[in-house]
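Engineer: Quick one, structure for this:
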Amino acid sequence: MTDEIVRARFWPRRISWLTIVLVLLALGSFVAIARPSSYYPMPMGYGEGGGSRGVVEDSVSYSPPSMPSKPMYDMGATNGASMAPQGMPGREAYYPYPYPGQDVPITDTREFLKVNYNAEMRTRDVGGLVRRVETTVRGYDGRIDQESSSPKYGYVNFAVPMSKYDAFRTELEGLVDSRFLTLNISSQNLLPQKQSIEEQQKQADSTLADYKAARQKIVSAHTSAAQSLQSQINADEQQLTSLRAQPQTVEVQAQIQALTNEVITLRARLSNENASYSAQLKNADANIKYAEDWQKAVKTQDQALLDNVATVTGSVSIQWISLWEMAQLYLPGYWIPTIFAVLAFLSLLYDRRRFGTA
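Structural biologist: Residues are numbered from 1 along each chain as shown. Next comes the predicted model:
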């Protein structure tokens, strides 16, 4: 009996529609937030990890430099030096390729950071925000690689210079409030790849120097051998001229025949030496061309790596947001049903004052 009297004194004689609506809104918003299947946007600074702004380490693919084909085979030589210097790649050797290691000494503090920028924005005007993002990218000398736009979703894939990345990021992130922005920025130091390229550059330079030295050795050996043979031929021909001027006795004729045979043999050896030299020189030039192509390939790869580091690639995805989702971003958690419940209680108190109690 006492409880009934207390309830009668607390409840107003009449409950207004405003109080009823506020109670229904409090219950409805509580159920909507508490349902596990309902989508609940998380603003910046909420959720696991304490925030959405973060740097995530991500792997960046690295392809080895495109090397030229194998060097020319070394041809055998009857005279002169061997084509390939000792310790150098021979006829069956490919380009040596040191794969990038993962353990970089701390003494090398260089940084070749490849940055990938990804942002998710939410807005009521998807098309307008897509156009503003494109304008921002182009305003910082960037490039649009892919773009799509619809009433509910938009996407922009872009690339901008690393030198303008900080200013670009500041302006881009200022297009929306931080509550409607989620960032995922990944970066990786390509120092192992850079060290690998530098090691290849050293090997290419050393190989080219060895091939050029081997070519010079072939030229020197051929010059010496050819001069020696030609000198012997000239001496024999002079002696033949002298013998032919003498009375042609049996002994003189025998000497002439012997010298003639020796001159024929020496000329054959000289011809073989010239042919062997021509083949060796052709092979030496092919090996030098091989080393020069390797050198160019490494330089091209090095420039490609530097260009890759100097370019920030990224994407911005844009999603439409409803008014209810916006309210949840401004009032996260159970703030909305709590506010409706407080307003409903205040309205109930006003109804008691307005209509009195039973």
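Engineer: Helix, strand or coil: sort out Ser231 for me.
Structural biologist: Secondary structure of Ser231, reduced to three states by DSSP: H, G, I helix; E, B strand; the rest coil: helix.
Engineer: ok, it - how many residues close by?
Structural biologist: Counted with other CB atoms under 10 Å, the neighbours of Ser231 add up to 11. Every residue, glycine included, has its C-beta placed from N, CA and C.
Engineer: again, but for the one 5 residues further on
Structural biologist: Using other CB under 10 Å as the criterion, Asp236 is surrounded by 20 other residues.
Engineer: Might one say that it is in contact with Val263?
Structural biologist: Yes: using CB atoms under 8 Å, Asp236 makes contact with Val263 at a distance of 4.8 Å.
Engineer: Tell me where the stretch 251-358 of the chain is predicted with low confidence.
Structural biologist: Under the criterion pLDDT under 70, the flagged ranges of the stretch 251-358 of the chain are 324, 327-333, 335-336, 348, 350-351, 355-358.
Engineer: and what of the stretch 51-200 of the chain?
Structural biologist: Across the stretch 51-200 of the chain, the ranges flagged by pLDDT under 70 are 51-102.
Engineer: can you do 90?
Structural biologist: Where the stretch 51-200 of the chain drops to pLDDT under 90, the residues are 51-109, 177-179.
Engineer: residue ranges for the helices of it, please.
Structural biologist: Using DSSP state H, counting those that start in this stretch, the helices assigned to the stretch 51-200 of the chain run over residues 126-139, 165-173, 191-244.
Engineer: Could you report the neighbour count for the closest residue in space to Arg132 that isn't next to it in sequence?
Structural biologist: Of all residues not flanking Arg132 in the chain, Leu175 sits nearest, at 5.7 Å (CB to CB, 6 or more residues apart in numbering). The number of residues packed near Leu175 is 18, by other CB under 10 Å.
Engineer: Also Ala34?
Structural biologist: For Ala34, using other CB under 10 Å, the count is 11.
Engineer: Residue for residue, what is the longest helix the protein has?
Structural biologist: Longest helix in the chain, counting residues (DSSP state H): helix 250-309.
Engineer: I'd like the distance from that helix to the chain centre, please.
Structural biologist: 42 Å (CA atoms, centre = their mean, to the nearest Å).
Engineer: That helix vs helix 191-244, what angle?
Structural biologist: 170 degrees (axes from the mean of the first three to the mean of the last three CA atoms, to 10 degrees).
Engineer: shouldn't Val312 be in contact with Asp166?
Structural biologist: No: the pair Val312 / Asp166 is not scored as a contact, 10.0 Å apart, by CB under 8 Å.
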